[in-house]
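Chemist: Just the structure for this:
(chains A and B)
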Amino acid sequence: MKLSLRLRLKRWHYRGGLMTIFSIAIFIFLCIPLIVALIMSVNPEATLGYPKGFSLKWFGVLLNDESWMGAYRVSIQSAFLAALLALVNGTLFAFANSRFKYRLKGPLATLALSPLGVPGIVLGVGLLLMLNPLSINGTMSALVIAFTVITVPYVVRTVGATLAVYDRSVEEAALTLGANEIETFFRITLPMIAPGLLSATILAFVFAFGNLQVAIFLTGIDTVTVPVLMYSVLEFEANPTIAAAAVLNIAIVTVALVIGTRMVGARNLLRF
Amino acid sequence: MDNPIADGGGRQLSGELANYFRGRKGVTITALVSPVALLLLFSYVVPVAILAGVSFLSQDARGAITPDFTLGNFVRFFSDPWFLFTLGRSIRIAFFVTLMAITLGYVAAYYLVFKQPRLFEFYLILVVAPVLVGNVVRAFGWQMLMGDSGLVNTFLWKLGLGEHTLRFMYTETGIIIADASTLLPLVILILMGVLTRIDPAYIEAAKALGASGRRAFMNVTLPLSLSGVGAASVICFTLALGTFEIAVLIGGKRVQMIAPLVYEQITYAFNWTMGAAVAMVLLVVSVVGIVIHDIAFRSKK
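Modeler: The predicted structure follows:
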């Protein structure tokens, strides 16, 4: 009996049982702050804490609060515009880099990815110092410019990776059959790399939407973004509305992820 | 039909455009590359250059930036015990965050790549979703968990272990745990990329030659993945050094880190030149990390 238990344990271990449990614990460790936000948001009381009942009233408060809704409008508009700008420009850039050789190609490609390695605070202060004398700080344009810079690397990387594994024979066929290069780009290349473009747009939107470190230096009274508002609420007067807002953010990201995985699959969306 | 360019006049226009660009490769490349190049120049290179410039200036009594070159901000930074202590603490925290994230990340990445779990895509979403939701929400969640009357301590209290209140808020331990959780997804994704590129034939060969699973891992898989572990460590360390949300919401004023120090100098002290100097220190330490890794990686090759 003792032996068979040992054998069973050994077989379980051989199949990676311990590693499975450990890994699942890690995945929970990653998601636990989101689970906590979900739990906190249904608290019927006016204090942040473990809920003693169930109520959705804080979602009602959130949806009727003009400053929160204003922040969602600002965040969604600026992140959407930035994602669009990053997508168009980043795709042209990645396309040029995958097809042509030119002198500044190496340095430019490195430069385009390097914002990923620069602390957000540094870029935020730099943009503040530049935009403040031009007095466009605190406007929507300032946010859109900043968000475009921080999201362009994701587009360049994702679209670049898509183009790197892309089979050009269909393009050559189109050219041989008499289509010109621009027609070929719009009718063959773009539809074929569409999954990559979709992933890039979703990533760009989501990262612009959630950015605090750059946005915190560039928001004005009329252009407070959701993370900036959350941050100031947490610093000064935390209440359960913020848990409801956190859940709304989780919902927005979940919808983006579901659309993305339905259309291109989780592996393609996240490049695995 | 779905494409305006394919119809009538559009087709003629695209043909003419294509003819124009066909003989002019330089023009084509410039047209494709310049939007991103200009964007990076004017809203990334120039701001960082201005930041570097301002860090060598000072402010007059009314707070206006004066155009006199000075090393004063850096002298102050490296002679002020509080600034130095903050830098040292940030480096220490970043080190432990990296250690924790790499160890846990390696296990999770190994599991996802080599054990091929049935729920692979679901797990992948669990890994990525927290990143996409953003650091503020995650810092908020950790704050709720870690408080003296937060969920962890409430749970312990309910188990009858109430007298041992675990202190996470305003401690380095709290920051390290929350920050490791924040940076883990990125480490897992990088290490998955590294492990995916290892040819399974090597591992099979080692096993066929009689190596145990552990031996095959120690002598084949681990050495082959070490350079990737190095890259992931450097990226993780750099990001941990720039920790802002977690540092402010878990560490508060009592456990200051360097990124919140920049924000404080600019927003509360209105000391723009000092803030720029602290930001430069942060940038330089990050870049030094990347360069050291680059040199180490190249010399191995």
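Chemist: Does the helix or strand hosting B:V288 reach chain A?
Modeler: Using DSSP states H and E, B:V288 falls within helix B:272-300. Yes: judged by C-beta under 8 Å from any C-beta of the partner chain, helix B:272-300 and chain A are in contact via B:272, B:275-276, B:279-280, B:282-283, B:286, B:290. Heads up, the C-betas are built off the backbone N, CA and C, glycines and all.
Chemist: For my notes, please list these in CSV and give pLDDT, neighbour count and distance to B:L183 for each entry.
Modeler: Shown next, in CSV, are the residues of helix B:272-300 next to chain A (pLDDT from 0 to 100; neighbours: other C-beta atoms under 10 Å in any protein chain shown; distance: C-beta to C-beta, whole Å):
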residue, pLDDT, neighbour count, distance to B:L183
B:W272, 93, 23, 30
B:G275, 95, 28, 25
B:A276, 96, 27, 26
B:A279, 97, 31, 20
B:M280, 97, 22, 23
B:L282, 95, 25, 16
B:L283, 95, 24, 19
B:S286, 88, 21, 14
B:I290, 80, 16, 16
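Chemist: Please identify which of those is nearest to A:E235.
Modeler: B:G275 (18.2 Å; C-beta to C-beta).
Chemist: quick one: contacts for A:L163?
Modeler: By C-beta atoms under 8 Å, 6 or more residues apart in numbering or on different chains, the contact set of A:L163 is A:94-95, A:98, A:193, A:196.
Chemist: Inside strands: which ones of those?
Modeler: In strands, defined here by DSSP state E, there are no members of the contacts of A:L163.
Chemist: top of these by neighbour count?
Modeler: Neighbour counts for the contacts of A:L163 (other C-beta atoms under 10 Å in any protein chain shown) peak at A:A94, which has 27 neighbours.
Chemist: what about that residue, distance to B:P35?
Modeler: Counting by C-beta to C-beta, to the nearest Å, the separation of A:A94 from B:P35 is 12 Å.
Chemist: buried ones in the longest helix belonging to chain A?
Modeler: In terms of residue count, the longest helix belonging to chain A (DSSP state H) is helix A:66-99. Within helix A:66-99, the residues that qualify as buried are A:68, A:70-72, A:74-76, A:78-83, A:85-87, A:89-98, counting by 16 or more other C-beta atoms under 10 Å in any protein chain shown.
Chemist: From chain B, how far off is the residue lying closest to A:Q77 once chain neighbours are set aside?
Modeler: Nearest residue to A:Q77, sequence neighbours excluded (C-beta to C-beta, 6 or more residues apart in numbering or on different chains): A:M140, at 7.0 Å. Between A:M140 and chain B the computed distance is 15 Å (C-beta to the nearest C-beta, to the nearest Å).
Chemist: lowest confidence element among the helices and strands of chain A?
Modeler: helix A:2-14 (a mean of 70; mean pLDDT, DSSP states H and E).
Chemist: In terms of residue numbering, what are the domains of chain B?
Modeler: B:4-44, B:72-300 (automatic domain parsing).
Chemist: Let me know which of the ones you listed is tucked in deepest.
Modeler: domain B:72-300 (a mean of 19; mean count of other C-beta atoms under 10 Å in any protein chain shown).
Chemist: Low-confidence stretches in the chain?
Modeler: Just going to use chain A. By pLDDT under 70, the low-scoring segments of chain A are A:1-3, A:11-15, A:271-272.
Chemist: let's do chain B instead
Modeler: B:1-10, B:162, B:298-301.
Chemist: Would you state the strands of it in chain order?
Modeler: B:58-59, B:65-66.
Chemist: Tell me which of those is the most buried.
Modeler: strand B:58-59 comes out most buried of those by mean count of other C-beta under 10 Å, with a mean of 17.
Chemist: hmm, back to that, quick one: which of the contacts of A:L163 is nearest B:A259?
Modeler: Distances from B:A259 to the contacts of A:L163, taken by C-beta to C-beta, are shortest for A:A94, at 30.5 Å.
Chemist: List the contacts of the closest one.
Modeler: A:155-156, A:159-160, A:163.
Chemist: Next, the contact list for B:L239, please.
Modeler: Here B:L239 is in contact with A:119, B:183, B:186 (C-beta under 8 Å, 6+ apart).
Chemist: Surely the residue nearest to A:Q77 and A:V224 touch.
Modeler: No: A:M140 is beyond contact range of A:V224, at 11.5 Å (criterion: C-beta atoms under 8 Å).
Chemist: joint contacts of those two?
Modeler: With C-beta under 8 Å, 6+ apart, A:M140 and A:V224 have common neighbours A:V74.
Chemist: These two - which one has more neighbours?
Modeler: A:V224 (21 against 15).
Chemist: ok, the residue nearest to A:Q77 to A:A245 distance?
Modeler: 21 Å.
Chemist: do the same with A:L131
Modeler: Counting by C-beta to C-beta - A:L131 and A:A245 are separated by 27 Å.
Chemist: quick one: which of these two has more around it?
Modeler: Taking neighbours as other C-beta under 10 Å, A:L131 and A:A245 compare with A:A245 leading, 27 against 22.
Chemist: Would you tell me what helix or strand that one is located in?
Modeler: Per DSSP H and E: helix A:241-264 holds A:A245.
Chemist: Contact partners for B:V262?
Modeler: Counted by C-beta under 8 Å, 6+ apart, B:V262 has contacts A:121-122, A:125, B:275, B:278-279, B:282.
Chemist: and if you look at A:L108?
Modeler: A:L108 neighbours (C-beta under 8 Å, 6+ apart): A:97, B:33, B:36-37.
Chemist: Just after the helix or strand harbouring it, pick out the following helix or strand.
Modeler: Using DSSP H and E, A:L108 maps to helix A:105-113. Sequence-wise, the next helix or strand downstream of helix A:105-113 (DSSP H and E) is helix A:120-131.
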